[in-house]
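>>> Generate a structure from the sequence data that follows.
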Amino acid sequence: MNAAHRPTNAFYAQSGGVTAVINASACGLIETARRHPDRIGKVFAGRNGIIGALTEDLIDTSHESDADIARLRHTPGGAFGSCRYKLKGLDQHRVQYERLIEVFRAHDIGYFFYNGGNDSMDTAWKVSQLSETMGYPLACIGIPKTVDNDLPHTDSCPGFGSVAKYVATSMREAGLDVASMAATSTKIFVMEVMGRHAGWITAACGLASEAADEPPHLLLFPEIPFAEAAFLARVEDCVKRFGYCAIAVSEGLHDADGRFLSDMGTRDAFGHAQLGGVGQVVAQLIRDRLGYKYHWALPDYLQRSARHLASKTDVEQAYALGRAAVELALAGRHGVMPGIVRTADAPYAWEIGVAELKDVANVERKMPREFISADGFHITDRCRAYLAPLIAGEDVPPSRNGLPDYVRLKNIAVPRCLEVFTV
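Numbers count the residues shown, from 1 in each chain. So this is what the prediction gives:
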């Protein structure tokens with residue numbers, strides 16, 4: 001799309017819930033852009049995601065040293081700020097999209113990179129459509145990111161492998177703790193993990209168990225409607241056989257009628273039901289019906305921000321996708337998303353593929369039924385073969401005074417030149 005070869009600036013933004021490796025994608029993107037000064041001028045980042053573009057609150061990353069940009073690869077969170085803000089339909093809220101183009105034109109931006117999940121890919125697709133309609137030369141590239149691992153047309157999503165490693169490790173360690181005390185104390189341990197409609201993170205907990213007596217003994221997936229009687233029978237059997245029962249449950253667990261067990265009755269900025277506390281709901285059910293003492297845990301933000309335990313595979317893929325986004329834009333691609341293509345399981349091998357944004361936007365990839373055991377309470381060997389490479393390897397961040405040494409960028413603003421726009 002950006003036919004002229006004079007240098008134009010790039011816009012990059014982070015969207016949605018951040019991860020342990022989203023900054024690795026930013027690192028890959030910015031470092032690659034800096035290697036092409038003849039094609040890309042400056043990389044501007046949106047402060048707090050797409051809101052930064054709408055309000056003309058742009059960050060000039062050229063003020064950051066090469067060393068600090070490199071440190072992004074080891075730093076969790078969103079270095080430029082993220083947001084949960086979904087642009088509405090192109091027809092009903094065209095003014096917002098036209099504002100984006102106005103800001104891009106004012107700052108000579110010819111490249112648009114949006115780093116996020118399902119809703120973010122929809123935004124990137126809409127922006128690409130509008131740029132064509134308005135005749136504004138803009139290369140629009142989506143960069144996949146979501147701990148939920150639910151984007152289509154990519155074998156895995158950056159952020160997921162590190163969450164998977166964290167929850168599997170936590171389940172194994174907590175399981176040893178509970179097993180130590182089960183004879184005289186807690187017999188039930190429930191860990192609630194993220195995953196509204198897709199049970200990939202719940203499945204990852206299953207990697208901690210390599211034998212029937214090892215935790216987690218039961219997994220509760222959003223793909224499998226919760227059946228109370230069958231579940232309680234399995235819990236009772238586990239306690240009788242092993243002395244305790246460890247369970248991982250997805251926040252999106254629902255009953256046969258589709259009702260979330262933990263619907264808080266409120267909605268987030270994307271209009272999704274806000275969930276929380278299903279771990280306690282399940283644990284209390286066991287207490288009420290079977291009388292067992294329980295503990296439950298909610299890793300919450302800890303699972304997605306645990307850079308100290310990140311998967312090496314995840315870090316490498318996140319960086320590679322940031323780099324690939326720039327390379328695609330420079331090659332003249334538009335309205336696309338780079339993704340991971342698995343070429344082999346053992347030994348694991350992968351390469352970069354490309355998908356059309358229109359085929360990715362607002363599509364959720366759930367756990368395939370063949371990845372879930374016939375009884376619905378655990379994972380299959382096929383699922384293990386898929387998951388295992390994604391948690392492989394260590395990429396320990398540098399430390400200082402006994403703690404991880406993460407970078408905090410200066411994030412110097414670009415001077416505004418347009419009228420104020422209210423979001």
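>>> With adjacent residues omitted, what lies nearest to the residue positioned nearest the centre of the chain?
In the chain, the centroid-proximal residue (C-alpha atoms, centre = their mean) is residue 146; its distance is 1.8 Å. Once flanking residues are discounted, residue 146 sits nearest to residue 117: 3.7 Å by C-beta to C-beta, 6 or more residues apart in numbering. To be clear about C-beta, it is placed using only N, CA and C from the backbone, and glycine gets the same treatment.
>>> what about the one you found, how many residues close to it?
25 (other C-beta atoms under 10 Å).
>>> So it versus residue 14, what's the distance?
For residue 117, the distance to residue 14 (C-beta to C-beta, to the nearest Å) stands at 11 Å.
>>> residue contacts, the residue nearest to residue 146?
15, 16, 17, 144, 145, 146, 148, 150, 151, 157 (C-beta atoms under 8 Å, 6 or more residues apart in numbering).
>>> Pick out the most distant pair among these.
15 and 150 (14.9 Å; C-beta to C-beta).
>>> neighbour count winner among those two?
Neighbours per residue, other C-beta under 10 Å: of residue 15 and residue 150, the larger number sits with residue 15, 30 against 21.
>>> How about that one, nearest residue that isn't a chain neighbour?
residue 116 (3.3 Å).
>>> Am I right that the one you found is in contact with residue 16?
Yes - look at residue 116 against residue 16 with C-beta atoms under 8 Å: they come within range, at 4.7 Å.
>>> any common contacting residues for those two?
Residues touching both residue 116 and residue 16 by C-beta under 8 Å, 6+ apart: 145, 146.
>>> residues touching residue 202, list them.
Counting by C-beta under 8 Å, 6+ apart, residue 202 touches 193, 195, 219, 220, 221, 222, 248, 249, 250.
>>> let's see it at 10 Å
167, 191-195, 216, 219-224, 247-253, 367, 372, 379 (C-beta atoms under 10 Å, 6 or more residues apart in numbering).
>>> Strands - which of those residues land there?
191, 192, 193, 219, 220, 247, 248, 249, 250 (DSSP state E).
>>> Dump these to JSON lines, plus pLDDT and neighbour count.
Listed next are the ones in strands among the contacts of residue 202 as JSON lines, based on pLDDT from 0 to 100; neighbours: other C-beta atoms under 10 Å:
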{"residue": "191", "pLDDT": "98", "neighbour count": "25"}
{"residue": "192", "pLDDT": "97", "neighbour count": "28"}
{"residue": "193", "pLDDT": "97", "neighbour count": "31"}
{"residue": "219", "pLDDT": "98", "neighbour count": "25"}
{"residue": "220", "pLDDT": "98", "neighbour count": "25"}
{"residue": "247", "pLDDT": "98", "neighbour count": "29"}
{"residue": "248", "pLDDT": "98", "neighbour count": "32"}
{"residue": "249", "pLDDT": "98", "neighbour count": "29"}
{"residue": "250", "pLDDT": "96", "neighbour count": "32"}
